[in-house]
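[1] no letters, just coordinates:
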C-alpha cells in the first residue's frame, strides 16, 4: 500500500473516480465491510460482538461487517443510531441484507458484548457527537471493551486528527480503505485509532494521478531512490563536508552530538567550528571529527569561504542574541540546518531570518521554537500538517516541526508525517543529533525536503532499535547497522 495520505475531500474524489470508471459504490461498500470483518477475525476469536451503526455510509459498512462476522459464526447484534426506515442509498441496501438482531443505539447495546465495532461515523463527520451516539461513546470509553473502528473512531476529525468537541471512541483497531487519512497519523488521532489497517477495496491507484496528493506518511519509499550510497570509486571528499558551529566552552556538547550524527549519516568529513574558549574542550572529545577555530561572524565567514564545506548545522548550544544572528547570516552561505538558538534569536524579527533563507535551508523547530518564529500559526491552523505547510511557504524553505507526529513541509505544499518515533526519543540532545543527520544527508546531495524526511525516519528507527533507556549519544551509534540493512534492501 502506498504512503500517500488523503484528506477527506480527496477520499470523496477517489470514490467519484471509481464511479466514473464503472465501479459501483455498493460494491465498494461490500468489499470494505468484508475486508474489515476479515481484519477483525484475524485479531480476535469469535465472541459476542455489538456493531454500532450510524445513519450514513459508515453505518452501511457496519451492516456488512455484521453480516460477514455472523457468517463466520460470531454472535452479532447491531445497534442503529436513527430510524432504519430512513436509511438511504447503499446503507439502506446493506441494512436490508442484515437479518439479525437490530436495536436502537443506547449504552444498553454494549451489555454482554466482548467486542464493539464502531461504525457510527466516519472521517467526514464535521460536528461533535450528540444524543445517543455521544452517550454511548462516553459509556463505551469507560469500559474495558476492545473496539474495532471503521474508517476512524467516531467523533474524530478525519483531517485534523482531534476529537470534535473533545469526545471520540478509543479503538484498538481501525480499519480504513484505499489510503490513510490525516487522523491516522496525527496525534492524538493516531493513538485513538490504535492499530490502523488499510484495506484495498477496488479503487484504482490511477485515482491518485488525478488527485495528486501532496501529503505522505514518512516511509522510505517516498525518498529511497535518491538516498546516497557509497560509490565503489568514490572518496570522502565526494560525500561532502559538514561544518557544525559550536557554542562557548560551557555549551559544547550539542554541537558534538550534531557532528556525530552527521558523520554517522555518511558525510565524508565533519568539522566543528569552535570559538577560542571551546577549542581545547572540543578537541579533547573528538577524534574523527576535526576542530576548526573561529572568532565571531567574520571568522565563521572566513571558514565558509572554503566551498568544500557544503552543509552546515547552526543553533545547538549557541546562545540567544545578536551574535548568533550574525553567525546565522554567515552560515547561510551554504546548505544549512537551523535549530534551537539559531531560530529563537530571531523571535523579535522572524522576517529578517526569512529574508536570508533559500530552498537549501532546513528549519527544525520544536513547538516552542515554532511559536517564536511563526507566532500564532499552530493555534490558527487546522492541524500540525497545515501549520508546517504554511510555515514552509512563509520561510521559503523546508520546515520540520518536531514532535511525536513530526511534520516535514516543503514550500511547494508537500508534507511528510512521521509515525515511527517511539516515546523514549523525547530526550535531551536528540534534536541535535537529528540536525546533524539531516546535514550529513544534505552534504551528500539529497534535496532539503528529502534529507529532512530521511533524517527524521532514520532518527526514529535508531531510537526504536536501541529501546528504552535511550540517551542522545546512543542515536548515532545505531545508524551503521540501520544504514547497512537499508542499503542492502
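    Noted; the coordinates are in hand. Note that this is a predicted model, so its numbers are computed, not measured.
[2] please make it C-alpha for all contacts and neighbour counts, starting now.
    Fine.
[3] quick one: mean pLDDT for the helix or strand that residue 282 is a member of?
    Assessed by DSSP states H and E, residue 282 sits inside helix 279-285. In this model, helix 279-285 has a mean pLDDT of 97.
[4] pLDDT weak spots in the stretch 301-450 of the chain?
    With pLDDT under 70 as the threshold, the stretch 301-450 of the chain has no low-confidence stretch at all.
[5] does the spatially closest residue to residue 185 that is not a sequence neighbour sit in a helix, a strand or a coil?
    With sequence-adjacent residues excluded and distances taken as C-alpha to C-alpha, 6 or more residues apart in numbering, residue 185 is closest to residue 419, at 6.3 Å. Following DSSP: H, G, I helix; E, B strand; the rest coil, the label given to residue 419 is coil.
[6] picking up where we left off before, in the helix or strand just after the helix holding residue 282, what counts as buried?
    Later in the chain than helix 279-285, the nearest helix or strand by DSSP H and E is strand 290-293. Residues of strand 290-293 classed as buried by neighbour count (16 or more other C-alpha atoms under 10 Å): 290-293.
[7] and for stretch 208-218?
    208, 213, 215-218.
[8] now the residues you listed as CSV including pLDDT, distance to residue 375 and secondary structure?
    Shown next, in CSV, are the buried residues of stretch 208-218 (pLDDT from 0 to 100; distance: C-alpha to C-alpha, whole Å; DSSP: H, G, I helix; E, B strand; the rest coil):
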residue, pLDDT, distance to residue 375, secondary structure
208, 98, 34, helix
213, 97, 28, coil
215, 98, 24, strand
216, 98, 26, strand
217, 98, 26, strand
218, 98, 26, coil
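[9] can I get the residues you listed in a markdown table with distance to residue 4?
    Converted to a markdown table, the buried residues of stretch 208-218 look like this (distance: C-alpha to C-alpha, whole Å):
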| residue | distance to residue 4 |
| --- | --- |
| 208 | 9 |
| 213 | 7 |
| 215 | 6 |
| 216 | 4 |
| 217 | 6 |
| 218 | 9 |
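[10] and these, which two are the farthest apart?
    208 and 218 (17.5 Å; C-alpha to C-alpha).
[11] next, residue 65: phi, psi?
    Taking degrees, to the nearest 10, you get phi -60, psi -50 for the backbone angles of residue 65.
[12] you'd agree it is up against residue 34?
    Yes: between residue 65 and residue 34 there is a contact at 6.0 Å, judged by C-alpha atoms under 8 Å.
[13] and stretch 143-159, what's buried?
    So for stretch 143-159, counting by 16+ other C-alpha under 10 Å, buried means 145-159.
[14] I meant stretch 110-117, not that one.
    So stretch 110-117, judged by 16+ other C-alpha under 10 Å, has buried residues 110, 113-117.
[15] likewise stretch 249-265?
    Buried residues in stretch 249-265 (16+ other C-alpha under 10 Å): 249, 252-265.
[16] and residue 339, what does it touch?
    Residues counted as contacts of residue 339 (C-alpha atoms under 8 Å, 6 or more residues apart in numbering) are 313-316, 363-365, 432, 435.
[17] swap the cut-off to 6 Å and go again
    Residues near residue 339 by C-alpha atoms under 6 Å, 6 or more residues apart in numbering: 315, 364.
[18] tell me the phi and psi of it?
    phi -140, psi 160.
[19] just to revisit the earlier point, between which two of the buried residues of stretch 143-159 is the distance greatest?
    145 and 159 (26.6 Å).
[20] so residue 430 sits against residue 472, correct?
    Yes: assessed by C-alpha atoms under 6 Å, residue 430 is found in contact with residue 472 at 4.8 Å.
[21] how many neighbours does residue 190 have?
    21 (other C-alpha atoms under 10 Å).
[22] would you agree it falls within a helix?
    Yes: under three-state DSSP, residue 190 sits within a helix.
[23] now for residue 78, how many residues are close by?
    24.
[24] which strand or helix spans it?
    Per DSSP H and E: residue 78 is located in strand 75-80.
[25] avg pLDDT for that strand?
    The model assigns strand 75-80 a mean pLDDT of 98.
[26] so which elements touch it?
    strand 48-53, strand 101-104 (3 or more C-alpha pairs under 6 Å, 6 or more residues apart in numbering; DSSP states H and E).
[27] and after that strand, which helix or strand comes next?
    helix 89-97.
[28] what about residue 65 and residue 34, which has more around it?
    Neighbour totals were compared for residue 65 and residue 34, and residue 65 leads with 30 against 22 (other C-alpha under 10 Å).
[29] list the contacts of that one.
    33, 37.
[30] distance of it from residue 279?
    Note on residue 65: its distance to residue 279, by C-alpha to C-alpha, to the nearest Å, is 67 Å.
[31] ok, back up a step: nearest to residue 458, of the buried residues of stretch 249-265?
    residue 265 (9.0 Å).
[32] measure the closest one to residue 252 for me?
    20 Å.
[33] returning to that earlier point: of the buried residues of stretch 110-117, which belong to strands?
    If you go by DSSP state E, those have 115-117 in strands.
[34] export the residues you listed to JSON lines and tack on distance to residue 354 and pLDDT?
    Below are those laid out as JSON lines (distance: C-alpha to C-alpha, whole Å; pLDDT from 0 to 100):
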{"residue": "115", "distance to residue 354": "53", "pLDDT": "98"}
{"residue": "116", "distance to residue 354": "51", "pLDDT": "98"}
{"residue": "117", "distance to residue 354": "49", "pLDDT": "98"}
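[35] for residue 135, what are its contacts?
    Contacts of residue 135 (C-alpha under 6 Å, 6+ apart): none.
[36] redo that, cut-off 10 Å
    The neighbours of residue 135, taking C-alpha atoms under 10 Å, 6 or more residues apart in numbering as the test, are 105-107, 129.
[37] possible to save these as TSV with neighbour count, pLDDT and secondary structure?
    What follows is those, written out as TSV (neighbours: other C-alpha atoms under 10 Å; pLDDT from 0 to 100; DSSP: H, G, I helix; E, B strand; the rest coil):
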residue	neighbour count	pLDDT	secondary structure
105	23	98	coil
106	19	98	coil
107	17	98	helix
129	23	98	coil
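[38] widest-spaced pair of the residues you listed?
    Farthest pair in those, by C-alpha to C-alpha: 107 and 129, 14.2 Å.
[39] you'd agree residue 160 is in a strand?
    No: counting by three-state DSSP, residue 160 falls outside a strand, being coil.
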